[in-house]
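Engineer: what's the 3D shape of this:
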Amino acid sequence: MGTSVIQQIGFILGVLGQFFVSAATAMDMWGLQDRSFSVITSVYTYSGLWKSCVENSSGMTQCRPYFTILGLPVMLQAVRALMIVGIVLGAIGCLIAIFALKSLKMGNMEDNVKATMTLTSGVMFLLAGVCGIAGVSVFANLIVSSFRFTTYADSGYGGEGVLGGLGGSLTPRYTFGTALFVGWIGGAVLVIGGVMMCIAFRGMIPSKEKRQGYGVAYKAASQHTTVYKDDAKPRLAYDESFRAQIMNGRHSNQQYV
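Structural biologist: Down below sits the predicted model:
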């Protein structure tokens, strides 16, 4: 497979992964209410990084954004930061990869400059993919932890639950939402795109044979310089003739005197 094809595949995967990560960050279904043990299934809630929503069976949805930052959990803020950093790095990588394509001619840009830009975009894609996967994984860990440690609430009869608490109402538990899977896929695609761009960079580096060819051309130039030094002999003849004219002039002056 040619270097140009590998570079184009890496660029397409990077753009696709960037789209998935951005879409996952904007989605609201990061945590979806588990309705396995819920008596009322016509109403359920789901939440994302920016707001929480409630939807009923008729399709009506009401959402409330998170108006404050200080009141949010620290891990949620960390997930936000990771996703935003991943989006920024992916966008920069896509912009650099556009100008680094071999099929795109940009004036007199040399191949080594495009190779460096290809490596830079590949590293950007790798970092963006790692940030996306890390952010989604941290949020998934929060859901798993809250799901495991969720217990039955009191039944409200004097604080004593029926049958040792098993008759009480179950507090809402959340499972993985659609945004988590979209974020995982987007991060993985970004990582693959970054690897492809790095492989393309290795193919764009001048080989040893080309470097040796450049050395032979340089030696030929040095031989030409040696020949140029040999051309200095006619100058000696010119100097001799000039001296001869001077001598004749002096001789004529002597004759005049």
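
Engineer: For the stretch 1-150 of the chain, which residues score under the pLDDT cut-off?
Structural biologist: Along the stretch 1-150 of the chain, segments meeting pLDDT under 70 span 1, 36-41, 106-109, 148-150.

Engineer: so how many other residues sit close to residue 83?
Structural biologist: 24 (other CB atoms under 10 Å). Every C-beta, even on glycine, is put in place using the N, C-alpha and C of the backbone.

Engineer: That one looks like it's in a strand, true?
Structural biologist: No: under DSSP: H, G, I helix; E, B strand; the rest coil, residue 83 falls outside any strand and is assigned helix.

Engineer: residues of the helix or strand hosting residue 87 that come out buried?
Structural biologist: Residue 87 belongs to helix 74-100 when assigned by DSSP states H and E. By 16 or more other CB atoms under 10 Å, the buried positions in helix 74-100 come out as 76, 79-80, 82-83, 85-87, 89-90, 92-94, 96-97, 100.

Engineer: Could you do stretch 54-74 as well?
Structural biologist: Under 16+ other CB under 10 Å, the buried positions of stretch 54-74 are residue 55.

Engineer: Show me what secondary structure element comes after the helix or strand containing residue 143.
Structural biologist: Assigned by DSSP H and E, residue 143 belongs to helix 111-148. Sequence-wise, the next helix or strand downstream of helix 111-148 (DSSP H and E) is strand 174-176.

Engineer: which residues touch that following strand?
Structural biologist: For strand 174-176, contacts defined as CB atoms under 8 Å, 6 or more residues apart in numbering pick out 31, 32, 33, 34, 46, 47, 140, 143, 146, 147.

Engineer: ok, 7 Å please
Structural biologist: If you take CB atoms under 7 Å, 6 or more residues apart in numbering as the criterion, strand 174-176 is touched by 31, 32, 33, 34, 140, 143, 146, 147.

Engineer: Roughly how far does the residue nearest to the fifth one when sequence neighbours are not counted sit from residue 73?
Structural biologist: In space, and not counting its chain neighbours, residue 140 is closest to residue 180: 5.6 Å by CB to CB, 6 or more residues apart in numbering. Distance check for residue 180 against residue 73: by CB to CB, to the nearest Å, it reads 17 Å.
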